[in-house]
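Enquirer: any chance you could fold what I've pasted below:
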Amino acid sequence: MIGGLWGGLVPLIVLIGILIGLSIGGTAGIKALWTAGWLALLMGLFFAKNKSFYCTTLIKGLGDNNGIVIVTAWLFAGVFGKLMVAGGLVSGLLWVGLKTGANGALFAFLSFLTAMIFSMGTGTSTGTVLSLVPVLYPAGVFLGANPAVLALGILSGAAFGDNLAPISDTTIVSAYTQEARMKDVVRSRFPLSITAAFFSGMVIFLFGGGGDIQALPEIQAQINPLGMLMLFSFAVVVISALMGRHLIESLIYGNVSAIFIGMITGHIRFSQLFRIPATTGESSGIIQEGINSVVGAIIFALLMLGITQVLIESGVMAKILKKLEQRVVKSVKQAELFIVLSTITASIPIASNAAAELLVGPSLVKSLGAKFNLAPARKANLMDCAVCSIFYTLPWHIAVVVWYGALQSAADTFQLSALPISISFLNPYSWALLAVLLVSALTGWNRKFTS
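Expert: Numbering: from 1, shown residues only. The predicted structure is shown next:
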């Protein structure tokens, strides 16, 4: 890039500058984020020495296999979320809340646990928020949960699964870049992840109430116990994923079962799924609405994949991390702290945390860990916990963007007050996991060496 390191940082500076400005102003909606990505790609071209190769790099990023899998999964997860709502799950959850008294802070806490289980079963944070936010968020608000804490609880649960699930892309990348066995990685990571989840759950339970429970006549008109049958579709997705089926395959099974259950209970008619619109521009049904709900996030994800590839191909991040390694690492404690810091640094500008692991894992983390004889699973855990911490607080990352888009969609559907995207900075699981990780590195808790 023209200007060397600083020229390579131009797309990143443009992107983060615009996104921070939008976030501070409270106007960082999904479509507003498109502009930031578009301008970042545009400005980068003028600093590229070989503009043809720059364009090829962008196309390579847009065609990234992991990115396409995520996009495809979003298409089915978006429809699944709409089907769950149309099938009456919200009304079923309202019925449970009224009958059991699970409202306010307790409902926010149960939403956190539900998101933990769902994300563990599917291995995807984006699929979790797309599937659960349209259901749990409006129900929780109606039952008196604090809207912000409730929303953050779902995001926290999604981050937990991304951090620990053996089928998560970050778990897979962290394990295999460090040549670690998957069972060793998951077994040794569990104490770190569950400790962070414990403290997160405490925060959510303590501060998750205080909302206004709607007057009983208003809620009574919306409750229907048959809506709880839609949980069978949720179980289908989780069980299928736990059996080792592909996420997209599992989501398809969930979609099909949700359609059948919705039709049996009378909540969904075939004409609601697909119909020929009376006039151009009208919705053709639930399927179109579900796909439309994730289009904004998909476009931004594609833009971010292009920017990520530019950062990797230009060698900008590798140069920065190499200089840091040469100056600050003198002991095993410093080595572990450096692995955490470098992985977080790589994850801040890059929209995919798995991509951040791929950037630092094969060379920097692997070689540095070997220098101090750290066990492969330990290196993988330091790296994975790092990319699942601060990553889930920043408003320009894919998972947070998708989560916020789902919140906006749910708020519009149920006429609820919109939340600012900046509340992501308060994600309790992210900060708890970072604290646990730093304590582990500083004290040596959970540290393992090669035999």
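Enquirer: buried residues, stretch 359-375. List them.
Expert: 359, 360, 361, 364, 365, 366, 368, 369, 372, 374, 375 (16 or more other CB atoms under 10 Å). Where you see a C-beta, it was placed from the backbone N, CA and C, and this is true even at glycine.
Enquirer: make a markdown table from those and add secondary structure, distance to residue 176 and pLDDT to it.
Expert: Output for the buried residues of stretch 359-375, formatted as a markdown table (DSSP: H, G, I helix; E, B strand; the rest coil; distance: CB to CB, whole Å; pLDDT from 0 to 100):
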| residue | secondary structure | distance to residue 176 | pLDDT |
| --- | --- | --- | --- |
| 359 | helix | 15 | 70 |
| 360 | helix | 14 | 78 |
| 361 | helix | 9 | 79 |
| 364 | helix | 16 | 76 |
| 365 | helix | 12 | 82 |
| 366 | helix | 11 | 81 |
| 368 | helix | 17 | 81 |
| 369 | helix | 14 | 82 |
| 372 | coil | 21 | 85 |
| 374 | strand | 16 | 90 |
| 375 | coil | 15 | 90 |
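Enquirer: which one of the residues you listed sits closest to residue 236?
Expert: Residue 236 lies nearest to residue 361 out of the buried residues of stretch 359-375, by CB to CB, at 33.8 Å.
Enquirer: how many residues are close by the residue lying closest to that closest one once chain neighbours are set aside?
Expert: Nearest non-adjacent residue to residue 361, counting by CB to CB, 6 or more residues apart in numbering: residue 177, 3.5 Å away. As a burial measure, residue 177 scores 20 neighbours (other CB atoms under 10 Å).
Enquirer: what's the answer for residue 62, then?
Expert: Using other CB under 10 Å, residue 62 is surrounded by 15 other residues.
Enquirer: how near is it to residue 307?
Expert: 10 Å (CB to CB, to the nearest Å).
Enquirer: which residues of the stretch 301-450 of the chain fall in helices?
Expert: For the stretch 301-450 of the chain, applying DSSP state H, counting those that start in this stretch gives helices covering 316-328, 332-347, 353-360, 366-371, 376-387, 398-413, 428-443.
Enquirer: buried deepest among those, which one?
Expert: helix 376-387 (a mean of 29; mean count of other CB atoms under 10 Å).
Enquirer: circling back to that earlier point, any chance of the helices of the stretch 301-450 of the chain in CSV, plus distance to residue 69?
Expert: Output for these, formatted as CSV (distance: least, CB to CB, whole Å):
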stretch, distance to residue 69
helix 316-328, 23
helix 332-347, 19
helix 353-360, 11
helix 366-371, 25
helix 376-387, 18
helix 398-413, 13
helix 428-443, 24
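Enquirer: what about the residue nearest to residue 361, distance to residue 38?
Expert: The gap separating residue 177 from residue 38 is 31 Å, by CB to CB.
Enquirer: low-confidence stretches in the stretch 101-250 of the chain?
Expert: Applying pLDDT under 70 to the stretch 101-250 of the chain picks out residues 121-122, 213-222, 241-242, 244, 247.
Enquirer: again, 50 this time
Expert: Applying pLDDT under 50 to the stretch 101-250 of the chain flags the ranges 216.
Enquirer: tell me who's in contact with the most centrally placed residue in the chain.
Expert: The geometric centre of the chain, computed from its C-alpha atoms, lies nearest to residue 399 (CA atoms, centre = their mean), at 3.1 Å. Going by CB atoms under 8 Å, 6 or more residues apart in numbering, residue 399 touches 125, 126, 129, 155, 158, 159, 162, 353, 391, 392.
Enquirer: just the ones of those residues in helices?
Expert: 125, 126, 129, 155, 158, 159, 162, 353 (DSSP state H).
Enquirer: and of those residues, the nearest to residue 411?
Expert: Once CB to CB is applied, the member of these that ends up nearest residue 411 is residue 129, at 14.0 Å.
Enquirer: picking that back up, include distance to residue 223 when you put the ones in helices among the contacts of residue 399 into TSV, please.
Expert: Putting the ones in helices among the contacts of residue 399 into TSV (distance: CB to CB, whole Å) gives the following:
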residue	distance to residue 223
125	30
126	30
129	25
155	27
158	27
159	31
162	33
353	39
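Enquirer: which one of these is nearest residue 291?
Expert: Within the ones in helices among the contacts of residue 399, proximity to residue 291 (CB to CB) peaks at residue 126, which comes in at 14.9 Å.
Enquirer: wait, doesn't that closest one sit right on residue 75?
Expert: No - assessed by CB atoms under 8 Å, residue 126 is found out of contact with residue 75, at 11.6 Å.
Enquirer: between these two, who's got more neighbours?
Expert: Per other CB under 10 Å, whichever of residue 126 and residue 75 has more neighbours is residue 126, with 26 against 17.
Enquirer: list the contacts of the more buried one.
Expert: Residue 126 makes contacts with 70, 73, 74, 77, 158, 297, 398, 399, 402, 403, as judged by CB under 8 Å, 6+ apart.
Enquirer: by pLDDT, give me the weakest of those residues.
Expert: Least confident entry in these, by pLDDT: residue 70, with 67.
Enquirer: for residue 143, grab phi and psi.
Expert: Main-chain torsions, residue 143, degrees, to the nearest 10: phi -100, psi 20.
Enquirer: ok, it to residue 117 distance?
Expert: As defined by CB to CB, residue 143 lies at a distance of 20 Å from residue 117.
Enquirer: with residue 306 instead?
Expert: Distance of residue 306 to residue 117, computed by CB to CB: 34 Å.
Enquirer: higher neighbour count, those two?
Expert: Between residue 306 and residue 117, counted using other CB under 10 Å, residue 306 has the larger neighbour count: 25 against 15.
Enquirer: let me see the contact set for residue 253.
Expert: For residue 253, the contact set (CB under 8 Å, 6+ apart) comprises 236, 237, 240, 245.
Enquirer: the second one should be in a strand, yeah?
Expert: No - assignment of residue 237 by DSSP: H, G, I helix; E, B strand; the rest coil gives helix, placing it outside any strand.
Enquirer: which stretch of helix or strand covers the residue nearest to it when sequence neighbours are not counted?
Expert: Leaving aside its sequence neighbours, residue 237 sits nearest to residue 254 (CB to CB, 6+ apart; 3.8 Å). Secondary structure assigned from DSSP states H and E places residue 254 in helix 247-265.
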